[in-house]
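1. Pasting the sequence and the predicted coordinates here, then a few questions.
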Amino acid sequence: MTPQIDRDHPIPDTQIFGLRESHNGYRINKLCSSLTRAENREAYRADEPAYLERWNLVPREREMILKRDFAGLLAAGGNIFFLIKLGGVTGVPIYQMGAQMREETFEDFLASRNEAKAV
């Protein structure tokens, strides 16, 4: 049987999110998932460092969250669907996250979208 993911032959310009990445990003994704609850969003906004302490993040994960390094969080195993929740709480729109993940300016990223006026 051929494996679904062939890590020896990656598709150019893509990033695999499989079991390995899910395991690596567990703490990040669990924290982000918690932000679906209004009381957690309020607690996060009230005291971000204290909220981050609850999740046993390693220093690098904590630093990426505080710096809003969404490209780094994605590479560390963050799932985009969970990272969007973090972006919503921290005021980082999905198009800004996308630009960062593609290493483009916000303007260049918008120009590559079908409707540049959607921000």
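-> Structure's in. What do you need?
2. helix or strand for residue 68, which one?
-> Using DSSP states H and E, residue 68 sits within no helix or strand.
3. burial count for it?
-> A total of 16 residues lie near residue 68 under the criterion other CB atoms under 10 Å. Where you see a C-beta, it was placed from the backbone N, CA and C, and this is true even at glycine.
4. got a list of what it touches?
-> Contacts for residue 68 (CB atoms under 8 Å, 6 or more residues apart in numbering) come out as 90, 92.
5. and the closest residue to residue 70 other than its chain neighbours, what does it touch?
-> Closest residue to residue 70 apart from its sequence neighbours, by CB to CB, 6 or more residues apart in numbering: residue 97 at 4.5 Å. Neighbouring residues of residue 97 by CB under 8 Å, 6+ apart: 70, 83, 84, 87.
6. Distance of the second one relative to residue 92?
-> Okay, so that is residue 83. Applying CB to CB, to the nearest Å, the value for residue 83 to residue 92 is 9 Å.
7. residues bridging contact with those two, i.e. touching both?
-> residue 70.
8. Give the residue from the two that has the larger number of neighbours.
-> residue 83 (22 against 16).
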